[in-house]
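1. Fold the stuff below for me.
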Amino acid sequence: MTGRVLLLHVLREVFPQWDVFVDDRSVWRAVGVVLVSASSAEALADVLVRADPEAARGWTAAEVRGL
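-> Okay, here's the model as predicted:
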């Protein structure tokens, strides 16, 4: 399992209401209430924790990044 696949799995588990994926240009994206784009999984996690704190189950962005 590659790092990218593992990070996608973790983000999908933490944010089940969001469709998380990496597009053909290696941009990390999440579609939920809004479309979120980021240059890395860490940046996407930061935005998702702020955008949907309920889905993060009370985790901080640092904790999500540390998974």
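
2. Which residue is the nearest non-sequential neighbour of A43?
-> Counting by C-beta to C-beta, 6 or more residues apart in numbering, A43 lies nearest to W28, which is 7.2 Å off, once chain neighbours are set aside. In short, each C-beta sits where N, CA and C put it, glycine included.

3. Bridge partners for the one you found, pull those for me.
-> V22, A38 (DSSP bridges).

4. residues contacting it?
-> With contacts defined as C-beta atoms under 8 Å, 6 or more residues apart in numbering, W28 is in contact with V20, F21, V22, S37, A38, S39, S40, A41, A43, L44.

5. I'd like to know which of these are buried.
-> The neighbour-count test (16 or more other C-beta atoms under 10 Å) marks V20, A38, A41, L44 as buried among the contacts of W28.

6. Report the separation between the last one and R4.
-> Right, L44. From L44 across to R4, the span is 12 Å (C-beta to C-beta, to the nearest Å).

7. Next: the second one.
-> Distance from A38 to R4, counting by C-beta to C-beta: 13 Å.

8. Next, count neighbours for R50.
-> Counted with other C-beta atoms under 10 Å, the neighbours of R50 add up to 11.

9. Assign it to helix, strand or coil.
-> For R50, the secondary structure call by DSSP: H, G, I helix; E, B strand; the rest coil comes out as helix.

10. For it, give its distance to R4.
-> As for R50, its distance to R4 is 23 Å (criterion: C-beta to C-beta).

11. got the contact list for A55?
-> With contacts defined as C-beta under 8 Å, 6+ apart, A55 is in contact with V14, F15, P16, Q17, W18, L48.

12. now these: which count as buried?
-> Among those, those scoring as buried are V14, F15, W18, L48 (criterion: 16+ other C-beta under 10 Å).

13. give me the low-pLDDT residue ranges for this protein?
-> Filtered on pLDDT under 70, the chain yields the residue ranges 56-67.

14. Do a quick rundown of the helices in it.
-> 3-14, 41-51, 61-66 (DSSP state H).

15. so can I have TSV of these showing distance to G32?
-> What follows is the helices of the chain, written out as TSV (distance: least, C-beta to C-beta, whole Å):
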stretch	distance to G32
helix 3-14	12
helix 41-51	7
helix 61-66	15
